[in-house]
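K.L.:
Next come a sequence and a model predicted from it.
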Amino acid sequence: RVIIAIALLLDPEIIVADEPTTALDVTIQAEIMALLLDLCEQENVALMLITHDLGVVSQVTQRMLVMYSGRIIEQGPTREIINDAQHPYTQGLINALPQMGEPGARLFQIPGSMPSLSKVPTGCPFHPRCKFATDQCRQTMPEYVRSGSVDVACYEVSNLIEQEKHMQEAGS
């Protein structure tokens, strides 16, 4: 709370909160996030939240960016991404949440390991862990494609959008 007050003394336009709820119990997490949000609203300050906690993200943000190995792979309205993740990494993150599995069952785990930031693979950085990876994924980073109101950097999503477009054109 003191750190939040100190940050606001400088009259910022934006507060960057990096893992503000880490190591706090759920009750204190909720109090800190409520305090941050209230103060930002009162002072007309933007809040950028950096976190791995998708529960916090889904409750307090309007837009989100999903990053992997330092690259934005999916971005758009939080609700749309949480409810219908497009990128395989985002899907894996959501599927790894405890509430997504059966009680008592092992939690889902994305296969493989994060690459070192000094040795990010060429192409899509997620390709070594992705079940949809192709040679194209291994060679070049995909451009963003629009899926609903979400931008996604994924060749698989791009191919699915193209297939859907061709099917619609064939049906016309």
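P.N.:
Good, I have the coordinates.

K.L.:
isn't Val157 right up against Val150?
P.N.:
No. Counting by C-beta atoms under 8 Å, Val150 is not a contact partner of Val157; they are 9.3 Å apart. Just so you know, the C-beta spots here come from the backbone N, C-alpha and C atoms, and that holds for glycine as well.

K.L.:
Hmm, Thr22 and Ile32 touching each other?
P.N.:
No. In this structure Ile32 lies outside contact range of Thr22 using C-beta under 8 Å: 10.5 Å.

K.L.:
Name the surrounding residues that touch the lowest-mean-pLDDT helix or strand in the chain.
P.N.:
Sorting the helices and strands of the chain by mean pLDDT, DSSP states H and E puts helix 2-9 at the bottom, at a mean of 74. Defining contact as C-beta atoms under 8 Å, 6 or more residues apart in numbering, one finds that helix 2-9 is touched by Ile15, Ile32, Leu35, Leu36, Leu39, Glu43, Val45.

K.L.:
So between Ile32 and Thr22, which is more surrounded?
P.N.:
Ile32 (17 against 10; other C-beta atoms under 10 Å).

K.L.:
thinking again about what came up before, please spell out the ChimeraX selection for the buried subset of the contacts of helix 2-9.
P.N.:
The buried residues among the contacts of helix 2-9 can be selected in ChimeraX (16 or more other C-beta atoms under 10 Å) with this line:
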select :15,32,36,39,45
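
K.L.:
Arg106: which of the contacts of helix 2-9 is nearest?
P.N.:
Ile32 (31.3 Å; C-beta to C-beta).

K.L.:
so which helix or strand takes in that closest one?
P.N.:
Using DSSP states H and E, Ile32 falls within helix 26-43.

K.L.:
Mean confidence (pLDDT) on stretch 81-92, please.
P.N.:
For stretch 81-92, mean pLDDT is 94.

K.L.:
List the buried residues of it.
P.N.:
Ile81, Ile82, Ala85, Gln86, His87, Pro88, Tyr89, Thr90, Gly92.

K.L.:
could you point out which element follows the least confident helix or strand of the chain?
P.N.:
strand 14-18.

K.L.:
Hey, what's the angle from that next one to helix 2-9? Just curious.
P.N.:
Interaxial angle, strand 14-18 versus helix 2-9 (axes from the mean of the first three to the mean of the last three C-alpha atoms, to 10 degrees): 160 degrees.
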